[in-house]
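[1] show me how the following folds:
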Amino acid sequence: MKKIYLFSDGSALGNPGPGGYGVILRFGDKERELSGGDPHTTNNRMELLGAIEGLRALKEPCEVEIISDSSYVTKGINEWLSGWIKRDFKKVKNVDLWRDYIEVSKDHKVIGTWVRGHDGHEENERCDKIARDVAEKFKSGELK
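    Numbers count the residues shown, from 1 in each chain. Next comes the predicted model:
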């Protein structure tokens, strides 16, 4: 099974407001960047959507380490998700995205790793810039 590093960050200007996500997929010395967003969203939705879209881009089952500055995403993956499933997602926000996450992650072995944001972590800083750039494009009307 290939080992993939999935670096991800999300941003929302206003929370809720225009938002974006940035992703770096790394396998060995190969990298691929992904981005996207929404004109009206929250930071947590963009954080989670980045992880989902990164997983969706994988073409075969992989061992995936999702590296994020979002404890919502990393704890959701590592600690909370099994309990949420047992409770049928009662009182859980972003159920639609967590269900998407379950679907796109089912063929992979996934672990979440938390990193401190805005602390000089090279890939996290790159993902943050990608995410903010997309959010700014929604805010300016460049993206709809």
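[2] going forward, measure contacts between C-alpha atoms and count neighbours the same way
    Noted.
[3] neighbours of Trp84, how many?
    Neighbourhood size, Trp84 [other Cα atoms under 10 Å]: 16.
[4] who's in contact with the one helix or strand it maps to?
    Here Trp84, judged by DSSP states H and E, is contained in helix 81-86. With contacts defined as Cα atoms under 8 Å, 6 or more residues apart in numbering, helix 81-86 is touched by Lys90, Val92.
[5] could you give me the average pLDDT of that helix?
    Averaged across helix 81-86, pLDDT comes to 97.
[6] then stretch 106-113?
    Mean pLDDT, computed over stretch 106-113, is 98.
[7] list the buried residues in it.
    His108, Val110, Gly112, Thr113 (16 or more other Cα atoms under 10 Å).
[8] list the buried ones in the host helix or strand of Glu53?
    Element membership of Glu53, judged by DSSP H and E, is helix 43-56. By 16+ other Cα under 10 Å, the buried positions in helix 43-56 come out as 43-55.
[9] cool, stretch 28-44 as well?
    Neighbour-count burial for stretch 28-44, with 16+ other Cα under 10 Å as criterion, is recorded at Glu33, Leu34, Ser35, Gly36, Gly37, Asp38, Pro39, His40, Thr41, Thr42, Asn43, Asn44.
[10] what bridges to the third one?
    Spelled out, that is Ser35. Ser35 has these beta-bridge partners by DSSP bridges: Gly22.
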